[in-house]
Structure formats: structure tokens, C-alpha cells
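*Asks:* below: sequence and its predicted model.
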Amino acid sequence: MTKMTLAKALNAGLRKAMEDDPKVLLMGEDVGKLGGVFRITDGLQKDFGEDRVIDSPLAESGIIGTAVGMAMRGYRPVCEIQFDGFVYPAYDQIVSQVAKLHFRTHGAVKMPMVIRIPYGGGIGAVEHHSESPEAQFAHTPGLKVVTCSNPIDGYWMIQQAIASDDPIVFLEPKRQYHADKADIDETAVPVPLFSSRIARPGADLTLLAYGPTVKTCLKVAEAAAGEGRSVEVVDLRTLSPLDLEPVYDSVRRTGRAIVVHEAHTNLGMGSEIAARITERCFYSLQAPVLRVGGFDTPYPPSRLEEEYLPDLDRVLDAVDRSLEF
């Protein structure tokens, strides 16, 4: 086993996928010689060549449009969007072409491509560098959307996404890239890609999180344990399709649920998850399903982002409110 950060685990996962399949190629802005702004693709162009790790022009629509053609010709392109807020020039291609070609051709054309997007805040960046656009992609039929929260998931999920014949938006929590290390067992059997997992068991309340807020919620559960409260944390991992059976089982046991994400709460992932929990677990609920997220404003300047992002205090406050019902 090797101890890796999320950044190193993603790099290792990409390397393994490229070794296993010569049709896998990487493309994006500065992914080659520089190794990406977060160094996720560091060393891959040197080892696999410029034909398989392609430094693209600064044109996100061109990156995705080129990848669509490559996917139609049997390649498995992995596109990097340098920052979350840079994806919008490519949004037309993603929604109009990537998401629809398989359906438009009655299944004759597959679209095996992965769109990697570093997302979320917490790194003190300027605007367009800290956004959370996941709900916009999860709302688009034909796209699958997943997000890792730790190095082990990063290593396996990127390989599973590349092996899929469906187009996948792969969201990476950028503030976790170099935060924590974990032992990667390359011989282990990975958790299925489109599945949730219990990150910490509990009995009194269910916290639902994904990507960057999983670590926050684990800290909340630890703090709540010091007050005699048992909080279960579920890492959703997949946002489209949602795997909510483990969530329903958890909420039926605890009777309380809180969804936590960095994106603003209005029409965010928490809205859909809360609605489904209410539909399926209504008679088990002892309190309304609560949401904790970013405020309904554009992402603020970096000096204010800690006031914007869900933190330990804001989530603990929601825990208190839920348990008061």
C-alpha cells in the first residue's frame, strides 16, 4: 500500500487507466508540460507522449468539441476544465452534444468521455475559481455526475469513470487535493462507482454530504459525539444517478436528516434529496429535512469565503435545530 494525497491518487488512477487502455487520452489547458495547475497530470505527458496528453488552446468549447469527435471514433478522452467557473464556454457542447448523442442515435453512438472539473472553495482564489456547478449537470439527462471526497475514492473512481461508456462529469474538491493522505491498496475491490457509502455510523441524525463537505461533516460528527450525540455521515459520491437507498435506510433509523453542500441552497442538490427523503421516509421523520449550503449570492471575494462556506458552526447549529423538534 502507498500513502497518497487526493492529487497523487488521481494522478496514479489516470496513469493506470492509460497503461491499461491505449485509447485513453488526456486533454486540457496546461495538462502536459506543466502537469495541470494542481499538478494532477504531472509527469504523464513525459511518459505517454504529446499524442496522448494534449496541451489544448485556451478554449473550453474546443476541448469538449474535439473530445466528442474522438469519443465517436472509439477513443476515451479525459478532458480537464482548469477551474469550475471556466466550464461555461463548454456548457453548450456538454448539454447539447455530450449528453444527447447516445440518445439521438438510438444507442448506436457511445460517448465514453470524462470531464474533470476541480470545484468548490476554500483556496483563497478569485472569482470563477471556487464555484460549485454540480446541480446544473445533475439536472441534465444523459450526463452522469460523480464526486470523490478522499484519496481512495479518487484513485478508483477516476478509473471506473474512464472505463464507463457513458459521459461522466467528474468533480474534484480542489481544497482536498493536498489536504490529507490515505493508504491506497491497488489490489482492493473498489466500491461500485454509482453508490453512496456510510462514512461514519450513527443513531440520532443523518448528515448527507459529498465532495468537500464530507470532511466538514465528519468533524461535525466528532464534535457532536463529545456532546453525547450520535451522528451518521453519508458520503453520497454519485449525484446523477443518486443512490439513495442507503440514505433512506439511515433516515428511517435516525428520523432526522441534514444535507450539506457548498453550492447555494436555492434549487441545489439538497432540494432534490430533501424532496425524495420526504416522499420515501415521511412517516419516519421526526423533524423537517434541513439544508446547509452557500448563500444565494455569487461566490464572494476570497477574504469573505469562510463566511460563505458551510463550516463546523453552521452545520452544528442545524444539528441542534433538528434535534430540538
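*Replies:* Ah, there it is.
*Asks:* which secondary structure element is home to L323?
*Replies:* In this structure, L323 sits in helix 312-324 according to DSSP states H and E.
*Asks:* list the buried residues in that helix.
*Replies:* R314, V315, L316, A318, V319, S322 (16 or more other C-beta atoms under 10 Å). The C-beta positions use only the backbone N, C-alpha and C, and glycine is treated the same way.
*Asks:* repeat for stretch 79-96
*Replies:* In stretch 79-96, counting by 16+ other C-beta under 10 Å, buried: 79-88, 90-91, 93-95.
*Asks:* check stretch 106-122 too.
*Replies:* Buried, per 16+ other C-beta under 10 Å, within stretch 106-122: 110-122.
*Asks:* repeat that for stretch 13-30.
*Replies:* 13-18, 23-29.
*Asks:* list the contacts of stretch 90-101.
*Replies:* 60-61, 63-65, 68, 72, 81, 87, 109, 111, 113, 115, 136-137, 140-143, 167, 169 (C-beta atoms under 8 Å, 6 or more residues apart in numbering).
*Asks:* what's the spacing between A67 and P89?
*Replies:* Distance of A67 to P89, given as C-beta to C-beta, to the nearest Å: 14 Å.
*Asks:* give me the residues contacting stretch 263-280.
*Replies:* Contacts of stretch 263-280 (C-beta under 8 Å, 6+ apart): 131-135, 138, 208, 210, 236, 239, 242, 244, 247-248, 251, 257, 259-261, 285, 289-297.
*Asks:* quick one: average confidence on that stretch?
*Replies:* Averaged across stretch 263-280, the pLDDT comes to 97.
*Asks:* could you list the buried residues of that stretch?
*Replies:* A263, H264, T265, G268, M269, G270, S271, E272, I273, A274, I277.
*Asks:* now for those, which pair is the farthest apart?
*Replies:* For these, the maximum inter-member distance is 19.9 Å, found between H264 and I277 (C-beta to C-beta).
*Asks:* now do the helices in the stretch 151-300 of the chain.
*Replies:* Applying DSSP state H, counting those that start in this stretch to the stretch 151-300 of the chain gives helices spanning 151-163, 213-225, 245-254, 269-281.
*Asks:* out of those, deepest packed?
*Replies:* For the helices of the stretch 151-300 of the chain, the largest average neighbour count (mean count of other C-beta atoms under 10 Å) is found in helix 151-163, namely a mean of 24.
*Asks:* what does it rub up against?
*Replies:* 4-6, 8-10, 12-14, 16-17, 21, 24, 76, 78, 112, 114, 116, 146, 148, 168, 170, 172, 180-184, 186, 188, 190-193, 235, 237.
*Asks:* out of those, which are inside strands?
*Replies:* Counted as lying in strands by DSSP state E, out of the contacts of helix 151-163, are 4-5, 24, 76, 78, 114, 116, 146, 168, 170, 172, 181-184, 235.
*Asks:* out of those, which comes closest to D51?
*Replies:* V24 (12.0 Å).
*Asks:* who does that closest one form a beta bridge with?
*Replies:* R76 (DSSP bridges).
*Asks:* give me the neighbour count for S302.
*Replies:* 16 (other C-beta atoms under 10 Å).
*Asks:* swap in the one 5 residues further on?
*Replies:* Residues lying near E307 (other C-beta under 10 Å) number 10.
*Asks:* now name the helix or strand holding it.
*Replies:* Residue-wise, E307 maps onto helix 305-308 under DSSP H and E.
*Asks:* may I see the buried residues of that helix?
*Replies:* E305, Y308.
*Asks:* hmm, back to that, in JSON lines: the buried residues of stretch 13-30, plus distance to P301 and pLDDT.
*Replies:* Listed next are the buried residues of stretch 13-30 as JSON lines, based on distance: C-beta to C-beta, whole Å; pLDDT from 0 to 100:
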{"residue": "G13", "distance to P301": "34", "pLDDT": "98"}
{"residue": "L14", "distance to P301": "33", "pLDDT": "98"}
{"residue": "R15", "distance to P301": "37", "pLDDT": "98"}
{"residue": "K16", "distance to P301": "39", "pLDDT": "98"}
{"residue": "A17", "distance to P301": "38", "pLDDT": "98"}
{"residue": "M18", "distance to P301": "39", "pLDDT": "98"}
{"residue": "K23", "distance to P301": "43", "pLDDT": "98"}
{"residue": "V24", "distance to P301": "39", "pLDDT": "98"}
{"residue": "L25", "distance to P301": "37", "pLDDT": "97"}
{"residue": "L26", "distance to P301": "33", "pLDDT": "98"}
{"residue": "M27", "distance to P301": "32", "pLDDT": "98"}
{"residue": "G28", "distance to P301": "27", "pLDDT": "98"}
{"residue": "E29", "distance to P301": "24", "pLDDT": "97"}
